[in-house]
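Undergrad: Predicted structure and sequence below. I'll ask about it afterward.
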Amino acid sequence: MDFNLPEDLRDMQATIRNFMLNVVEPRAHEIEDTNRIPPELIRQAADLGLFGLSVPEEYGGVGLGTLGRCAVYEAMGQGHMGFGGMISAHASIGTSGLVRLGTEEQKRRFLPRLATGECIAGFAITEPSSGSDAANIRLRAEKRGDAYVLNGTKHYISNAPVAGLLTVIAVTDPLAGTRGMSAFLVEPQTTAGVRIGKIDEKMGQKGSLSAEVIFEDAEVPAANLLGPEHRGYREALGILTNGRVGIAARSTGAMQRLLDLSTEHAKAREQFGKPIAEFQAVQFMLAEMEVAIQTSRLLWQKVAWMVDEGQDVRRMASVAKYHATEMLSEVADKAVQVAGGMGYMKDWPVERFYRDQRLLRIYEGTSEIQKLIIARDLLG
Ligand SMILES: Cc1cc2nc3c(=O)[nH]c(=O)nc-3n(C[C@H](O)[C@H](O)[C@H](O)COP(=O)(O)OP(=O)(O)OC[C@H]3O[C@@H](n4cnc5c(N)ncnc54)[C@H](O)[C@@H]3O)c2cc1C
């Protein structure tokens, strides 16, 4: 068994890490203050291929498999989490359904623009009355001639305020439960009857914008049905399962950055006449962070490899996401503690990570839902 990532992936990780730490990080305060990612950073991310990570090369993307994509996500996770959140909502859940299920015509129509970041993507299943209980969504898509007419509301949809394309899950047969849902490719900026609500005011992850998406007699051409009719729920679960591996990788990167910052601080900060790194209480916190990183990394790498091997990862993707995101919360807490008062100050990145990381235990399935998936699979 070889645990080394291939050299080209390690090179790509180094490039992305350098971009996140030396190009994005100096603009972090600006992103925090304006809740907006500067357009030149988006252009630079596009030049590095970040928007086309999962788009096959024939459509202009980088065409990475899951292992490669997650390796990039780990490197990206070391930097601003709002910036990483915007990219991953696009490259992961926003794009992967189209890549996997799209017809040739749909792929030709959208993928080249998604690969360059000219068109930003998102994924919409959550509604005000159905979050964890995604089987109970109400957004209705009624077939009328050559189109489906959509009515209802999605909320908390990442990238919605900037998205040119959303994969939307809607009810096509209200009597058939989860066997009566379908996935649609919706262009919110050009489809009459689709409206983006107020941008959510969030605790963290600034620059990664989310909002309500309101559908009022919105006509979506039948040519925009993604995958077979009435299979949308199953396909949505597949999209979310793959997304969870990416979240585990991003969490691992964030933990690595927090450990690096904590180690640097522990060596430099002196109290009682010596560096605080010499106190065993501080050493133990650093050691616990390292254990969290190593276990989380092994898990995402294994699950990403399983996906690329075509194995069923429903249970293991939840194991990886649950473990890495819970560990990240503990690591972020320890990083604040190691830094003392400075950990609570906005001019040290730990404070930002502490707020930003909290979301990862909630979206793409809360920790409780991950445990339900694992337990149900265990119990058959
Ligand atoms: C910033 C942000 C961005 C998001 N981006 C997207 C996006 O791009 N696309 C999208 O579709 N959605 C998105 N979401 C929605 C997200 O996936 C949901 O918020 C999440 O699934 C939880 O749903 P909920 O908020 O309705 O919480 P609820 O489902 O109401 O859960 C509340 C609590 O109850 C617990 N709970 C619920 N059911 C059970 C159960 N059966 N057993 C045990 N505990 C349970 C939960 O674990 C949680 O602790 C985003 C959310 C946020 C906050």
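TA: Yep, that arrived. Computed from a predicted model, the values in this text were never measured in an experiment. Numbering: from 1, shown residues only.
Undergrad: Show me the helices in the stretch 201-350 of the chain, by range?
TA: Taking DSSP state H, counting those that start in this stretch as the test, the helices found in the stretch 201-350 of the chain are 232-268, 280-308, 314-339, 349-356.
Undergrad: Identify whichever of those lies nearest to Val213.
TA: With distances scored as C-beta to C-beta, the stretch of the helices of the stretch 201-350 of the chain nearest to Val213 is helix 232-268 (15.3 Å). Heads up, the C-betas are built off the backbone N, CA and C, glycines and all.
Undergrad: The closest one and the ligand, are they touching?
TA: No: Helix 232-268 lies out of reach of the ligand by C-beta under 6 Å from any ligand atom, never closer than 8.5 Å.
Undergrad: Output the helices of the stretch 201-350 of the chain in CSV, with mean neighbour count and mean pLDDT appended to each entry.
TA: Listed next are these as CSV, based on neighbours: other C-beta atoms under 10 Å; pLDDT from 0 to 100:
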stretch, mean neighbour count, mean pLDDT
helix 232-268, 24, 97
helix 280-308, 18, 98
helix 314-339, 23, 98
helix 349-356, 21, 98
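Undergrad: TSV for the ones you listed, including distance to Pro38?
TA: What follows is those, written out as TSV (distance: least, C-beta to C-beta, whole Å):
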stretch	distance to Pro38
helix 232-268	21
helix 280-308	30
helix 314-339	26
helix 349-356	17
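Undergrad: Okay, and Arg195 sits in which element?
TA: In the assignment (DSSP states H and E), Arg195 maps to strand 194-199.
Undergrad: which parts of that strand are buried?
TA: Residues Val194, Ile196 are the ones in strand 194-199 that count as buried (16 or more other C-beta atoms under 10 Å).
Undergrad: wait, what's in contact with Met327?
TA: Each residue near Met327 by C-beta atoms under 8 Å, 6 or more residues apart in numbering is listed here: Ser251, Met255, Ala292, Ile293, Thr295, Ser296.
Undergrad: same question, Ser262
TA: Contacts of Ser262 (C-beta under 8 Å, 6+ apart): Met285, Leu286, Met289, Lys334, Ala335, Val338, Ala339, Val350.
Undergrad: go again using 6 Å as the cut-off
TA: By C-beta atoms under 6 Å, 6 or more residues apart in numbering, the residues touching Ser262 are Ala335, Val338.
Undergrad: Next, give me the two most distant ones among the contacts of Met327.
TA: It's Ser251 and Thr295 that sit farthest apart of the contacts of Met327, by C-beta to C-beta, at 11.4 Å.
Undergrad: I figured Val24 was touching Gly84, is that so?
TA: No: between Val24 and Gly84 there is no contact, the gap being 8.9 Å when judged by C-beta atoms under 6 Å.
Undergrad: Common neighbours of the two, please.
TA: Residues touching both Val24 and Gly84 (C-beta under 6 Å, 6+ apart): there are none.
Undergrad: Tell me which of those two has more neighbours.
TA: Remark: of Val24 and Gly84, Gly84 carries more neighbours, 27 against 22, as counted by other C-beta atoms under 10 Å.
Undergrad: Tyr322 versus the closest residue to that one other than its chain neighbours, what's the distance?
TA: Leaving aside its chain neighbours, Gly84 sits nearest to Met76 (4.5 Å; criterion: C-beta to C-beta, 6 or more residues apart in numbering). Separation of Met76 from Tyr322 (C-beta to C-beta, to the nearest Å): 21 Å.
Undergrad: cool, Ile214 as well?
TA: 33 Å.
Undergrad: My read is that the residue nearest to Gly84 contacts Gly82, right?
TA: No: with contacts defined as C-beta under 6 Å, Met76 does not count as touching Gly82, sitting 11.5 Å away.
Undergrad: of these two, who's got more company?
TA: Taking other C-beta under 10 Å, Met76 and Gly82 do not tie; Met76 has more neighbours (30 against 26).
Undergrad: My reading is that the more buried one lies in a strand. Confirm?
TA: No: per DSSP: H, G, I helix; E, B strand; the rest coil, Met76 lies outside any strand segment and is helix.
Undergrad: Let's see the pLDDT reported for it.
TA: Per-residue confidence at Met76 stands at 98 (pLDDT).
Undergrad: got the contact list for it?
TA: Residues counted as contacts of Met76 (C-beta under 6 Å, 6+ apart) are Ile16, Met20, Gly84.
Undergrad: Which positions in the stretch 201-350 of the chain make contact with the ligand?
TA: Counting by C-beta under 6 Å from any ligand atom, the stretch 201-350 of the chain comes close to the ligand at Lys202, Ser210.
Undergrad: Report the secondary structure state of Arg36.
TA: Per three-state DSSP, Arg36 ends up coil.
Undergrad: Starting from Lys206, give me the distance back to it.
TA: Arg36 sits 8 Å away from Lys206, going by C-beta to C-beta.
Undergrad: repeat for Glu58
TA: Taking C-beta to C-beta as the measure, Glu58 falls 36 Å from Lys206.
Undergrad: Pick out whichever of those two has more residues nearby.
TA: Lys206 (24 against 11).
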